[in-house]
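> Build me a structure from this.
(4 chains)
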Number of protein chains: 4
Amino acid sequence: MESPSARRRVYQVLEVAHHGDRLSRGVDVALIALVAGNVAAVMAESVEPLHRAHRGLFDVFESVSVAVFSVEYFLRVWSAAERAPGEAPAWRERLRWVLSPMALADLAAILPFFLSAVVGLDLRFLRVLRLLRIFKLTRYSGSLTLLLEVFRSQRRAYVASLFVLMMVLVVAASGIYLVEREAQPAAFGSIPTSMWWALVTLTTVGYGDVTPITTWGKVFAGGVTLVGVGVVALPTAILASGFLTIAQRNHERLSSDAADAAADGYVSREESERYRELAERLGVPPEVAAEIMATAADAASAVGACPHCGKDPFEA
Amino acid sequence: MESPSARRRVYQVLEVAHHGDRLSRGVDVALIALVAGNVAAVMAESVEPLHRAHRGLFDVFESVSVAVFSVEYFLRVWSAAERAPGEAPAWRERLRWVLSPMALADLAAILPFFLSAVVGLDLRFLRVLRLLRIFKLTRYSGSLTLLLEVFRSQRRAYVASLFVLMMVLVVAASGIYLVEREAQPAAFGSIPTSMWWALVTLTTVGYGDVTPITTWGKVFAGGVTLVGVGVVALPTAILASGFLTIAQRNHERLSSDAADAAADGYVSREESERYRELAERLGVPPEVAAEIMATAADAASAVGACPHCGKDPFEA
Amino acid sequence: MESPSARRRVYQVLEVAHHGDRLSRGVDVALIALVAGNVAAVMAESVEPLHRAHRGLFDVFESVSVAVFSVEYFLRVWSAAERAPGEAPAWRERLRWVLSPMALADLAAILPFFLSAVVGLDLRFLRVLRLLRIFKLTRYSGSLTLLLEVFRSQRRAYVASLFVLMMVLVVAASGIYLVEREAQPAAFGSIPTSMWWALVTLTTVGYGDVTPITTWGKVFAGGVTLVGVGVVALPTAILASGFLTIAQRNHERLSSDAADAAADGYVSREESERYRELAERLGVPPEVAAEIMATAADAASAVGACPHCGKDPFEA
Amino acid sequence: MESPSARRRVYQVLEVAHHGDRLSRGVDVALIALVAGNVAAVMAESVEPLHRAHRGLFDVFESVSVAVFSVEYFLRVWSAAERAPGEAPAWRERLRWVLSPMALADLAAILPFFLSAVVGLDLRFLRVLRLLRIFKLTRYSGSLTLLLEVFRSQRRAYVASLFVLMMVLVVAASGIYLVEREAQPAAFGSIPTSMWWALVTLTTVGYGDVTPITTWGKVFAGGVTLVGVGVVALPTAILASGFLTIAQRNHERLSSDAADAAADGYVSREESERYRELAERLGVPPEVAAEIMATAADAASAVGACPHCGKDPFEA
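You can find the predicted model right below:
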């Protein structure tokens, strides 16, 4: 049963498709379509008349989806051993995969169905939970890599700015509580109640369902709106700084890798392949990577085209 | 009829005017004024009393406009052959132009008029459609080049952030649906209905026409407003990063081009012209380009002024 | 009457105070206080009961203010000849000053008073106009230099983004007019009327006084809120990019100037003074400028302290 | 009583824990938990029913908290002498500490309790004031260092943008007062009253409790919303520019320090320790610092691992 070649093929097919692997790409597209269909179904089901009219159809679609996702899950567990063959025992690779965020999202997509069969739970709540299947899609978005990298690199700044926000929130809520609690006891009668207004104001959402009416309340609230502009500015600034830093670092890494590859005057197919994989891992778009390589090859007077087939080794 | 010299002149006149071509500039200004007049007319027509009082005037203006835009369109098709004379057959250049976004905007400006003459369509809708003529103006804004370049270079990050927004939107809408649907069935009775609130909150617009009223609804919504700050931060950060990257790349390209031009100790009229065109194509303002050239000429001890006429070859 | 030394002194006193000139600083502070008092007075006067109770006081304060501002204006015209003595005739320097934005703000501060004495104008409107005297303060804020420089350097990008906004605004207003005009004729009965909603939504202000109520209106409006996030992102990104570009350029200019000054192994008092003035003109804070100079002096092994008095020539 | 060794230990324990000091870390965690508990208690107390039900419990918790914070305060005053032993007399170090912002936050945490015992003050107000104890937490957030550094480095730009905001605010409030005061005397009857609307609009909060209803009011307000987008853009752009500048400066400082340490071909334990402290003081995350050191060591062909114990001297 543990035929390595079959397992290897299953692993390749389930992974995000490499250039030219049609079966793998077809499976990717089918799984993405199924997830999209699931999200659409859950949303449609929440509309009462639709739910009542097509209950049977929704149930069949749900069963089929769970069946497909279950098979997918177990094939992924099985083929996870192929991630780094020979390096670690199969069971360790599998455990590693099962505990990865991606695998937990996959498990969360099927578990509620089986749980609800065992335990009697609120069906409505469980049905909505199926929406979390949307997280299965993160696997297919290459550009998310860059976003997550940026978030990760700036997480300390985020924690600090969240801490600042908490302090500002507490001060804003207690301040408005002190000045407005007598004029509007329903909205500002306690600090936890006042937090709703403080949060809506500091994030500049500004619903207007609760606003100060006393003069001092408005003066204090005016100061809070100004602080809110700063609160909104913080994550934007951190994120922008993170994007630029990561973009520069990726540029430097690719430049250095490209210079290494071109140093001997010829960029081989393997060097080119390795370079392209590095670019993909870093989330750098192919055309930018190709430009960096072209500059490096130019600087080293390296051969731009493969001397055997005559094609540009960097074109997609 | 296919007199190359007349066609060439028509091509030059219809293109955005080069420095010194008065007829071309006059045609540009006239066409811009006509588009602006059209936009004003459509907006005025939508005011019922104005429409009733001046119906005849509006119709005459519309007919004249369509006539002018039609002549403009056919002259553009005809003269498109002059884009790269000798390189490709005329019909191919024309087809290329007809399928370009600019040409489609030009076509969209006249087609509805002729369609409504053939098929009987809702006139009100068609009249408003004429507002899309405003897109004809994009041709004349040189600085839009830079904006579009930035958008294009960051399109992958935008797709990723739109994907993040969709996931967050689905989670926000279904979460508020779960906690608020019983308290406010009209606004939160289904997930699609709840999306209106989720979108208005996540973009920090915050109309306040629909807001949570239960305690748990407010707690969940508070979290959503915080996430909304991040959602708004993403495109800003991506855009800022894109602007800076493009600005640096343009600076490098111009510096390198300027250094090449100044390397032989003299910046000729053709070199200067080519450099100015490159700066225009990159969307770099003339004064910045001139500063870069001055630095390069300084570094190469190149002649700053033309030795024949004595004028500064870089001044506008 | 045209005593050059007296005129020179008046010029120095009226200019923003240099380090150590006590009289000049005193005049600055007095004028700033008077402007602030004027702003406070105009705001207080707009409160009807206050106005009725202290009408006489307000009138006296206004007369005194206009008298002081008039004397200031004429002294500035007179002493403007000292800006670049010997370079141009006095009348040309004065004309140059009179036509500068600063001088126009100064004139706008006194002209309405004299106009209202000649022509009988709406007093209420004129009183409020006095608030524009606040622009006289721009003279004293050194850091505004940097802000204005950034705005100026990015003005083309701003024009382009304003153009994008106008197109988006027209499309948003006409789209909501098409889908909502029958449901809410008061708010969306014509395109100009719908622009109020479009502008409030695209800027993410979101008052909520007018919101779509039909399903298609909400779907279209949801798209507009998303575009609004991009609209808000544009100026932020342009501004951030401008700040960084200017900051880097200023850093390079100061570095190069500091390297020149330190090249001969000693930074003289005049070199130091010229460097400090350059930093002030560029809007770079003194401590940052001092750090750049220290680095340059370090690199050139230049003398850090004046060999005569032994003091650090860069400290404030 | 002034046993130096005991005082030194108390100083170390009260300072933010260094790697490996378990007692110090335990005290940190206990104090953080106590502050968090205080914040929770004040918020709970503001809920009237909770306050009435558990009045005694709240009082005991408050007394215990004040006792702990008082002991902490006096121990900090006492041990402050250990900050730089031998450099300055103990009383001067203590005075310096007492006047530091951190110490004032510590004092503000206990003073109101003792004040209310002496003078009879509004208890409700005093209770809320205890929320300011949250500022005691700033001591423990290492990443706040970076945020504060950024704010400090850009403070001049902030003052300038606040000045711009003030001018815009005055103009917006007086403009809307002129056009809307007759239609809505309650909301726009005077300039100070109109400021509420102006501030809510310029910060893009947009409650919608007060909006213009006349046509000219809406036209003017539309312009103000556009200006508001710019007002919100300013602090974001300044902050982003500040983050990047500081990040680059820190990177350069650490690179230069790392190059110095690696120049002799070996990075000693002391050099590594000093480098790590510099990184911590600058607010640079350890993994980024380690990467910079690795690059520097690589460039200098320095020993990556300690030749004695064989461990990587840079790992956390």
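
> Please list the residues of chain A that sit near chain C.
Chain A comes close to chain C at residues A:204-208, A:236-237, A:240, as judged by Cβ under 8 Å from any Cβ of the partner chain. The C-beta positions use only the backbone N, C-alpha and C, and glycine is treated the same way.

> and those, which of them are in helices?
Residues of the residues of chain A next to chain C located in helices (DSSP state H): A:236-237, A:240.

> circling back to that earlier point, among the residues of chain A next to chain C, which pair sits farthest apart?
A:Gly208 and A:Ala240 (29.8 Å; Cβ to Cβ).

> So for the two, which sits in the more crowded spot?
Applying other Cβ atoms under 10 Å in any protein chain shown to A:Gly208 and A:Ala240 shows that A:Ala240 carries more neighbours, namely 34 against 24.

> what's the neighbour count on the closest residue in space to that one that isn't next to it in sequence?
Beyond its immediate neighbours in the sequence, the residue positioned closest to A:Ala240 (Cβ to Cβ, 6 or more residues apart in numbering or on different chains) is B:Ala237, lying 3.9 Å away. Using other Cβ under 10 Å, B:Ala237 is surrounded by 31 other residues.

> Same question for the one 10 residues further on.
B:Ala247 sits with 21 neighbouring residues when counted by other Cβ under 10 Å.

> Pull up the residues of the stretch 51-200 of chain A that are close to chain B.
Close to chain B, as judged by Cβ under 8 Å from any Cβ, the stretch 51-200 of chain A has residues A:124-125, A:128, A:131-132, A:134-135, A:137-138, A:141-144, A:146-147, A:165, A:195-196, A:199-200.

> change it to 10 Å
A:51, A:122, A:124-125, A:127-132, A:134-135, A:137-138, A:140-148, A:150-151, A:158, A:161-162, A:165, A:169, A:192-193, A:195-196, A:198-200 (Cβ under 10 Å from any Cβ of the partner chain).

> Please indicate which of these are buried?
Neighbour counting with 16 or more other Cβ atoms under 10 Å in any protein chain shown marks A:127-132, A:134-135, A:137-138, A:141, A:143-147, A:150, A:158, A:161, A:165, A:169, A:192-193, A:195-196, A:198-200 as buried within those.

> phi, psi of A:Tyr266?
Main-chain torsions, A:Tyr266, degrees, to the nearest 10: phi -150, psi 130.

> bridging residues for it?
A:Val303 (DSSP bridges).

> Would you check how far apart it and A:Leu278 are?
A:Tyr266 sits 19 Å away from A:Leu278, going by Cβ to Cβ, to the nearest Å.

> Ok, A:Val179 next?
For A:Val179 relative to A:Leu278 (Cβ to Cβ), the value is 58 Å.

> Now A:Met205: closest residue in space that isn't a chain neighbour?
One thing to correct before we go on: residue A:205 is Val, not Met. The nearest residue in space to A:Val205 (Cβ to Cβ, 6+ apart) is B:Gly206, at 3.6 Å.

> neighbours of that neighbour, just the number please.
By the criterion of other Cβ under 10 Å, B:Gly206 has 33 neighbours.

> That one is in contact with B:Val229, isn't it?
No - contact criterion Cβ atoms under 10 Å: B:Gly206 and B:Val229 do not qualify, at 11.7 Å.

> Overlap in contacts, these two.
Counting by Cβ atoms under 10 Å, 6 or more residues apart in numbering or on different chains, the common neighbours of B:Gly206 and B:Val229 are A:203-205.

> quick one: the strand or helix carrying A:Tyr158 to chain centroid distance?
Secondary structure from DSSP states H and E places A:Tyr158 in helix A:155-180. Centroid separation for helix A:155-180 versus its chain: 27 Å, with Cα atoms, centre = their mean, to the nearest Å.

> That helix packs against which elements?
If contacts are counted by 3 or more Cβ pairs under 10 Å, 6 or more residues apart in numbering or on different chains; DSSP states H and E, helix A:155-180 sits against helix A:185-188, helix A:191-202, helix A:215-262, helix B:215-262, helix D:22-45, helix D:123-129, helix D:144-153.

> Which stretch among those is buried most, on average?
Most buried of those, by mean neighbour count (mean count of other Cβ atoms under 10 Å in any protein chain shown): helix A:191-202, with a mean of 24.

> ok, that one near chain D or not?
Yes - judged by Cβ under 10 Å from any Cβ, helix A:191-202 comes into contact with chain D at A:191-195, A:197, A:200-202.

> Looking at these, which is nearest D:Pro285?
A:Leu202 (26.7 Å).

> mind listing what the closest one touches?
A:Leu202 neighbours (Cβ under 10 Å, 6+ apart): A:165, A:168-169, A:172-173, A:224-225, A:227-232, B:225-226, B:229, D:205.

> for A:Thr138, same thing?
Contacts of A:Thr138 (Cβ under 10 Å, 6+ apart): A:101-102, A:105, A:144-145, A:148, B:160, B:163-164, B:167.

> again, only using 6 Å
Contact partners of A:Thr138, counting by Cβ atoms under 6 Å, 6 or more residues apart in numbering or on different chains, are A:Leu144.

> Against which helices or strands is the lowest-mean-pLDDT helix or strand in chain A packed?
Least confident helix or strand of chain A, by mean pLDDT, DSSP states H and E, is helix A:123-129 with a mean of 71. Applying 3 or more Cβ pairs under 6 Å, 6 or more residues apart in numbering or on different chains; DSSP states H and E, we find helix A:123-129 packed against helix A:101-118.

> how much space is there between the nearest residue to A:Ser241 once chain neighbours are set aside and chain B?
Leaving aside its sequence neighbours, A:Ser241 sits nearest to D:Phe243 (Cβ to Cβ, 6+ apart; 3.8 Å). For D:Phe243, the distance to chain B (Cβ to the nearest Cβ, to the nearest Å) stands at 11 Å.

> Correct me if wrong: D:Phe243 contacts A:Ala237.
Yes - between D:Phe243 and A:Ala237 a contact is recorded at 5.3 Å, counting by Cβ atoms under 6 Å.

> Please enumerate the shared neighbours of the two.
With Cβ under 6 Å, 6+ apart, D:Phe243 and A:Ala237 have no common neighbours.
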